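[1] sequence unavailable; structure follows:
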């Protein structure tokens, strides 16, 4: 059921502490941790503690928590000191867009130049 922890979800297991991660921030509703396969010098994932398969379903069901994810992404950027040089927040939805873990999450990327369109 949406919102409930899923036993087969990697990110749900990070939330519960069953799988270790390098956590950089935690709030009542979110956890932020370093990506194990970073695509930039700063690459942190911000996830809701509640399980939703993607950002759109999270926003539809719990817009306050979706806002928490974005607020925490901005705070991660500030903590990582990349706000002055710029950063990107990426929310992939679906396998065709590159989503590999089907638990809503935002990538905070920075510390290098970002071209458009993404390569």
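    Structure's in. What do you need? Values in this document were obtained by computation on a predicted structure and should not be read as measured data.

[2] show the pLDDT at residue 116.
    pLDDT for residue 116: 87.

[3] one more: residue 1?
    In this model, residue 1 is scored at 58, pLDDT.

[4] longest helix anywhere in this structure?
    helix 63-79 (DSSP state H).

[5] now for the helix or strand that that helix is followed by, which elements pack on it?
    Next helix or strand after helix 63-79 toward the C-terminus (DSSP states H and E): strand 87-90. On a contact count with 3 or more Cβ pairs under 8 Å, 6 or more residues apart in numbering; DSSP states H and E, strand 87-90 meets helix 63-79, strand 106-110. The C-beta positions use only the backbone N, C-alpha and C, and glycine is treated the same way.

[6] rerun at 10 Å
    For strand 87-90, the packing partners by 3 or more Cβ pairs under 10 Å, 6 or more residues apart in numbering; DSSP states H and E come out as strand 42-48, helix 63-79, strand 106-110.

[7] export the ones you listed as TSV, with columns for mean neighbour count, mean pLDDT and distance to residue 89.
    Below are those laid out as TSV (neighbours: other Cβ atoms under 10 Å; pLDDT from 0 to 100; distance: least, Cβ to Cβ, whole Å):
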stretch	mean neighbour count	mean pLDDT	distance to residue 89
strand 42-48	24	98	8
helix 63-79	18	98	5
strand 106-110	23	98	5
